[in-house]
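Novice: Got a predicted model here, sequence first, then my questions.
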Amino acid sequence: MACVEEKAPGKRAQQAVWLYEQGLTPIPLWGVAKEFNGKFYCRCERGFCDTPGKHPILKGWTAPGGLSRAAIEEAFTVHRYPNIGCLTGSSSQRFPDGTWLIIIDIDIADGKPGVESLRALEQVLGVLPRTVTVVTGSGGTHLYFRTNKKVRTSVGRLVQGRVVGLAPGVDTRGEGGQGVLPPSLHFSGAGYAWAAGCSPDQVAFAMLPDAWEVKLVALGGDEPKAPRAEKTTHRIFTPSNGADVLEQIRLHPLTEWATENPDELGRELWRAFATNIAALVAEDEGLEDEGRELCHEISEGYSRYSRRETDRLFTGAVDSMRKGYGPTTFERMVQYGAPRDLCTGGTALVAAARRAARGGRVVDSSAAGWLEGDDSADVRDAMVAYSAANEPTGPEAWPLHERGTCPVCCAASGSFYMHVVEEDPEKPSTWECNSPEHGKLALASGKSIGWPDDRGAFHGWQIHIDAFKAGKGVKAYLVETGYLA
């Protein structure tokens, strides 16, 4: 689809304000940057994350009505090279008639059949009217529609022969969701752009046709959710503070190696350490002196050490973090000469230090039967049989790659609860929770509530969820339910 040139040239703040004036609710997203090897990475703290250039910078970004014009100008000025997102669902309600925006996302990346699925849907539900349309960096399209019904954010796909969501390759962005707007940059290096004749000043945001509205509402999301129960258990450990994280950076094996081998570090690797320390200072100015001294401690053994040069390097790193850059990741530190086997515990040094300060990596994934001491074939077969027979199916089936609250550790903030559907339908689906609360709860309870990997994340089957909720160990619960003699 051909594209028109950008309608709001200039700085991101000006572009975001222009979008706000068109009725959208802009929010700043982490942008992407080009690495020296030609690849693009996210400017967020993790660098090589799962959603580069697509996730919000600000906390509380789903607030109804979005940011004010003044807040938009400030947010897009403070952060350097952000992408531009916009709220969807009832939080984006800014139109005089009380409607809000949803997105129908036609995905063609990696061979997804978005276009074919859309044509099939239009044969049943009717042809969609012309509306504001974005051509994405991956070649797909985002169709923006108004509605006054709550539509669930969903990913259309085939799971074990059944359709989940709207249709394979056709996603929806509604409640709790957001889209990416031009002139944002995709991690492929391509840009987002308005479809020809379909920018907000050329065409109105069309109302979602009735038949489509009925179909989308049927996916879920129109009924208000019950209030979440207060979490009175499981959060038995206090969060870490910046000083604790700095100490964990000092104690990390990679930092110890750098301190003992200072002449093996090139300038880029020195700066990589500085950016990870500076990431904390950018969040808490009270840590600046301690962070600066840690930088000196790491570099003072260098044969050409200069306190003035180290101060200059650290100050530059702090300035970069305050402008919205992320700390150098382990992946890039390896490219700069760091030993790969010492780049452990997270995606970046500061991330590994935060996890260690919270007690995150506390487990040995090689421990047989982890915590319950029985990893026999009979027990494992019973776990597989139970999970395959009792995991959710149909409309309640586990979603793929969806953030949410872990049903075991009850951690929502900072966790990623991912359901993975195995290719073999006879095998159970698995979940993942990377909240540090999960490992702490496992140790505190002494029960098997999943198995850890080398990143500190936990994986499991339905048996782990049900046994824990029943207050029993996995083996005891299998015996009770008749799956194990």
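Specialist: Happy to help now that I have it.
Novice: per-residue confidence for the closest residue to Tyr477 other than its chain neighbours?
Specialist: Counting by CB to CB, 6 or more residues apart in numbering, Tyr477 lies nearest to Ala467, which is 3.8 Å off, once chain neighbours are set aside. C-betas here are computed from N, CA, C, even on glycine. Looking at Ala467, its pLDDT is 83.
Novice: before we move on, what about Leu265?
Specialist: In this model, Leu265 is scored at 82, pLDDT.
Novice: That one: neighbouring residues, count only.
Specialist: Leu265 has 21 neighbours, counted by other CB atoms under 10 Å.
Novice: what's around Arg69, how many residues?
Specialist: 12.
Novice: Would you confirm that Gly174 contacts Lys150?
Specialist: Yes: with contact defined as CB atoms under 8 Å, Gly174 and Lys150 form a contacting pair (6.6 Å).
Novice: isn't Thr153 right next to Leu166, touching?
Specialist: No: in this structure Thr153 lies outside contact range of Leu166 using CB under 8 Å: 11.0 Å.
Novice: so what sits against both of these two?
Specialist: Residues touching both Thr153 and Leu166 by CB atoms under 8 Å, 6 or more residues apart in numbering: Thr172.
Novice: Please name the nearest non-neighbouring residue to Ala120.
Specialist: Closest residue in space to Ala120, ignoring its immediate chain neighbours: Ala167 at 6.9 Å, by CB to CB, 6+ apart.
Novice: Just list whatever residues bridge to that neighbour.
Specialist: Note on Ala167: beta-bridge partners Val170, judged by DSSP bridges.
Novice: still on that earlier bit, does the residue nearest to Tyr477 sit in a helix or strand, and which one?
Specialist: Here Ala467, judged by DSSP states H and E, is contained in helix 462-469.
Novice: elements contacting that helix?
Specialist: helix 377-390, helix 474-480 (3 or more CB pairs under 8 Å, 6 or more residues apart in numbering; DSSP states H and E).
Novice: Deepest in the core, which of those is it.
Specialist: Comparing the helices and strands packed on helix 462-469 by mean neighbour count (mean count of other CB atoms under 10 Å), helix 474-480 ranks first with a mean of 19.
Novice: now it: mean pLDDT?
Specialist: So the average pLDDT for helix 474-480 ends up being 85.
Novice: Then stretch 157-164?
Specialist: Here the average pLDDT along stretch 157-164 is 68.
Novice: and stretch 61-80, how far apart are its ends?
Specialist: End-to-end span of stretch 61-80 (CA to CA, to the nearest Å): 18 Å.
Novice: same question, stretch 296-315
Specialist: Across its full length, stretch 296-315 reaches 12 Å between end residues, using CA to CA.
Novice: Could you tell me how far that stretch lies from the centre of the chain?
Specialist: Averaged C-alpha coordinates place stretch 296-315 at 35 Å from its chain's average position (CA atoms, centre = their mean, to the nearest Å).
Novice: What residues sit buried inside that stretch?
Specialist: Under the neighbour-count criterion of 16 or more other CB atoms under 10 Å, stretch 296-315 has Ile298, Ser299, Tyr302, Thr310, Leu313, Phe314, Thr315 buried.
Novice: which ones are touching the first one?
Specialist: This means Ile298. Listed by CB under 8 Å, 6+ apart, the contact set of Ile298 reads Thr255, Ala258, Thr259, Pro262, Phe273.
Novice: which other helices and strands contact the helix or strand containing the last one?
Specialist: Remark: Phe273 resides in helix 267-283, with elements defined by DSSP H and E. Contacts of helix 267-283 with other secondary structure elements, assessed using 3+ CB pairs under 8 Å, 6+ apart, are made with helix 242-251, helix 253-260, helix 288-299, helix 307-322, helix 330-335, helix 349-357.
Novice: Need the contact partners of it.
Specialist: Contacts of helix 267-283 with the rest of the structure, by CB under 8 Å, 6+ apart, involve 45, 242, 245-246, 249, 255, 258, 287-288, 291, 294-295, 298-299, 313-314, 316-318, 320-322, 325-328, 332-333, 336-338, 348-350, 353.
Novice: Other residues contacting stretch 123-131?
Specialist: 104, 118, 122, 143-145, 198, 203-207, 209, 211-212, 215.
Novice: Among these, which are located in strands?
Specialist: Taking DSSP state E, the ones among those that sit in strands are Ile104, Leu143, Tyr144, Phe145, Ala206, Met207.
Novice: Select only the buried ones of those residues in ChimeraX?
Specialist: Provided next is the ChimeraX selection string for whichever of the ones in strands among the contacts of stretch 123-131 are buried by 16+ other CB under 10 Å:
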select :104,143,144,145,207
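Novice: closest to Phe458 among the ones in strands among the contacts of stretch 123-131?
Specialist: Each of those was checked against Phe458 using CB to CB; the closest is Ile104, at 34.8 Å.
Novice: Could I get the full set of strands for the stretch 51-200 of the chain?
Specialist: Assigned by DSSP state E, counting those that start in this stretch, the stretch 51-200 of the chain shows strands spanning 83-87, 100-106, 133-135, 141-147, 157-159, 162-164, 170-173, 178-181, 193-194.
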